[in-house]
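*Asks:* what follows is a predicted protein model with its sequence.
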Amino acid sequence: MRKSFDELTIADDFMFCKIMQDEETCKTFLEMILAGQIGKITHLSSQNAIAAGSEAKSIRLDILVKDENGKTYDIEMQVANEHNIPKRMRYYQAALDISLLDKGLHYKTLNDSYIIFVCLFDAIGKGKPLYTFENICLEDRQTLLQDGAKKVIINAQAFMQAEDTELKGFLEYLKTGKTNTEYTGRIETMIQAVKHNEQARQEYRIMSALEMDAREEGIQQGIRQGIQQGFSDGSYQKALETAKLMKQANCELDFIMQMTGLTKEEVESIS
């Protein structure tokens with residue numbers, strides 16, 4: 001069962017995306033996880049649908065960030081252990097690369113990228129609070145492939161093992177809800193503000209209803225992976241009807257587009 005709006009925490013996908021849309025909060029998070037400065041954020045968005053091909057499995061990125069140095073960061077919140085994180089990261093990396101490299105461009109123009117999964121559990125099983133991976137030569141264990149791709153898995157369960165005070169505080173907050181740093185206190189204040197925002201409450205209610213409809217209709221992709229399939233079998237009309245209801249509820253244009261897969265022009269033409 002989906003949580004009520006008032007029960008949401010930073011560990012819930014909806015709230016995590018809301019909080020990480022704040023540029024300062026997101027930049028602080030990235031610099032804490034990557035243990036270094038990143039460039040000025042030039043793009044920050046949530047719930048980005050990416051389709052790798054007409055017949056390929058589509059994905060929806062929780063938070064997509066680009067900085068002034070051309071680096072790209074995908075941040076995903078994962079509460080339940082579905083035992084598929086490594087393979088999911090592989091697919092997300094491939095889908096992200098396809099979306100970034102336009103036809104005719106050289107491979108060397110591919111951005112450096114980070115796929116970051118924030119987990120409440122230990123996906124690797126070694127008891128570390130942070131796992132960072134990049135491709136390396138097995139013959140000497142020193143030579144990097146230098147393909148610009150890195151993958152980071154966060155294990156909030158091991159917050160006691162984190163050496164950095166800020167990282168430890170954030171992981172403990174993820175796992176227990178306890179605030180003991182300035183950063184986590186600021187996040188908790190933001191969460192309370194979101195909970196008093198009627199627009200956010202309405203968005204969550206609509207998302208919950210859409211996901212329930214998707215399950216009842218047997219749509220496996222659901223809202224989380226975009227309403228991209230089945231336009232030929234009537235789901236386009238369903239998307240229009242949904243968009244109309246969302247417009248009547250005064251939802252923002254970008255949010256309606258994200259949730260229905262419709263274009264700006266299609267949404268604006270609905271009366």
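*Replies:* Sure, I can see it.

*Asks:* from here on, contacts and neighbour counts on C-alpha atoms
*Replies:* Noted.

*Asks:* show me where the chain has helices.
*Replies:* For the chain, the helices identified by DSSP state H occupy 13-20, 23-34, 85-100, 165-176, 182-195, 198-216, 235-248, 253-260, 264-268, in order along the chain.

*Asks:* which helices and strands sit right next to the fourth one?
*Replies:* Helices and strands in packing contact with helix 165-176 are listed as helix 23-34, helix 182-195; criterion 3 or more Cα pairs under 8 Å, 6 or more residues apart in numbering; DSSP states H and E.

*Asks:* compare those and give me the one nearest Gln142.
*Replies:* Gln142 lies closest, by Cα to Cα, to one member of those: helix 23-34, at 20.2 Å.

*Asks:* what residues does the closest one touch?
*Replies:* Outside helix 23-34, the residues that touch it by Cα atoms under 8 Å, 6 or more residues apart in numbering are 19-20, 37-38, 41, 44, 166-167, 187.

*Asks:* could I get the helices of the chain as CSV with mean neighbour count, distance to Phe117 and mean pLDDT?
*Replies:* Listed next are those as CSV, based on neighbours: other Cα atoms under 10 Å; distance: least, Cα to Cα, whole Å; pLDDT from 0 to 100:
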stretch, mean neighbour count, distance to Phe117, mean pLDDT
helix 13-20, 20, 12, 94
helix 23-34, 16, 11, 97
helix 85-100, 16, 8, 92
helix 165-176, 20, 13, 96
helix 182-195, 16, 19, 97
helix 198-216, 15, 22, 76
helix 235-248, 17, 30, 77
helix 253-260, 18, 21, 78
helix 264-268, 13, 30, 84
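
*Asks:* of these, which is nearest Asp147?
*Replies:* For Asp147, the closest of these is helix 85-100, at 11.5 Å, according to Cα to Cα.

*Asks:* just the CA atoms of the closest one, as CSV, please.
*Replies:* Taking Å, rounded to 0.1, in the frame of the first residue of the first chain, the C-alpha atoms of helix 85-100 are listed here in CSV:
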residue,chain,number,x,y,z
ILE,A,85,20.8,-3.0,-8.9
PRO,A,86,24.0,-3.9,-10.9
LYS,A,87,22.1,-4.8,-14.0
ARG,A,88,19.8,-1.8,-13.6
MET,A,89,22.8,0.5,-13.4
ARG,A,90,24.2,-1.1,-16.6
TYR,A,91,20.9,-0.5,-18.4
TYR,A,92,20.5,3.0,-17.1
GLN,A,93,24.0,3.9,-18.2
ALA,A,94,23.3,2.6,-21.7
ALA,A,95,20.0,4.4,-22.0
LEU,A,96,21.5,7.6,-20.7
ASP,A,97,24.4,7.5,-23.2
ILE,A,98,22.0,6.9,-26.1
SER,A,99,19.9,9.9,-25.0
LEU,A,100,23.1,12.1,-24.8
